[in-house]
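1. sequence unknown, structure follows:
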Ligand SMILES: [Zn+2]
């Protein structure tokens, strides 16, 4: 798979060159654990079947190796830098193949302890039913088994082909009962997991990004009901649960902004010519 990603990267690079642009940074958004000081290591990306993968070891051109970063972190950073909602401490939840979350605390991305393995925000593996469905992570009843893309598709009786999120939205809008039930169940599970996050962190807001933003209309009622019933601070303000306006572009924008902000912070990174 990394060879395909590298080919896409080479294509984008050629396109940029065609426009007279020079590529100054490359970031690989990964649905997995990227340790703090991992030197380009992706420790674990279960939905891709990757364990201890270093893109540099598989990249055809050593001059264009990207820096891996967790896609949920990138989505949260984009949300903080781009969406002008004024929240300084929030949890950004994104759903693509898996479910990830990232914490922005006082305007900074929270990565867990300095010596940690970088798995802060692994919301997808918060248990919502201790005796529930087995998860590939080895535990049971993880959120991802109820509100992850594969679980929702399975519950709705849909195959994972084409653009599954668009198809789910289409079916839900048409009133398909199985799809509506699957999204309601996903919303309830997501709400339960978020209750734990809110009671622990007391953030300004919760932001649903990625595919969740596109399915919000059908997910939000159940998420809101769980929050209203279980969050310690009552009433939980419904406007504190929002959808990202960036949708599925969040991680991509985050990667671009991360690079440009690093250059602005230290212009000496740029070669002189
Ligand atoms: Zn799990």
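-> That came through, no problem. Predicted model, so just to flag it, every value in this text is computed and none were measured. Residues are numbered from 1 along each chain as shown.
2. Surely residue 92 forms part of a helix?
-> No. Under DSSP: H, G, I helix; E, B strand; the rest coil, residue 92 sits outside any helix and is assigned strand.
3. if I pick it, what's in contact with it?
-> Contact analysis of residue 92 by C-beta atoms under 8 Å, 6 or more residues apart in numbering lists 72, 75, 76, 79, 101, 102, 103, 104, 207, 209, 244, 250. C-beta here means a position set from N, CA and C on the backbone, and glycine is covered the same way.
4. I figured the fourth one hits residue 246, correct?
-> Yes. With contacts defined as C-beta atoms under 8 Å, residue 79 counts as touching residue 246 at a distance of 6.4 Å.
5. How about the residues of the protein by the ion?
-> For the chain, the contact set with the ion under C-beta under 5 Å from the ion comprises 125, 135, 137, 139, 142.
6. Please repeat the previous calculation with a cut-off of 6 Å.
-> With the criterion set to C-beta under 6 Å from the ion, the chain comes near the ion through 125, 135, 137, 139, 142, 144.
7. Reformat the contacts of residue 92 as JSON lines; add pLDDT.
-> Listed next are these as JSON lines, based on pLDDT from 0 to 100:
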{"residue": "72", "pLDDT": "89"}
{"residue": "75", "pLDDT": "91"}
{"residue": "76", "pLDDT": "93"}
{"residue": "79", "pLDDT": "92"}
{"residue": "101", "pLDDT": "93"}
{"residue": "102", "pLDDT": "93"}
{"residue": "103", "pLDDT": "94"}
{"residue": "104", "pLDDT": "94"}
{"residue": "207", "pLDDT": "94"}
{"residue": "209", "pLDDT": "88"}
{"residue": "244", "pLDDT": "88"}
{"residue": "250", "pLDDT": "87"}
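8. Next step: these restricted to strands.
-> Counted as lying in strands by DSSP state E, out of the contacts of residue 92, are 101, 102, 103, 104, 207, 209.
9. Surely the first one is in contact with residue 121?
-> Right, the one you point to is residue 101. Yes. With contacts counted by C-beta under 8 Å, residue 101 reaches residue 121, the gap being 4.4 Å.
10. any common contacting residues for those two?
-> Both residue 101 and residue 121 are contacted by residue 72, under the criterion C-beta under 8 Å, 6+ apart.
11. So for residue 79 and residue 246, which residues contact both of them?
-> With C-beta under 8 Å, 6+ apart as the test, residue 79 and residue 246 both reach residue 209.
12. More neighbours: which of these two?
-> residue 79 (25 against 22; other C-beta atoms under 10 Å).
13. Next up, the contacts around that one.
-> Applying C-beta under 8 Å, 6+ apart, the residues near residue 79 are 90, 92, 104, 207, 209, 244, 246, 250.
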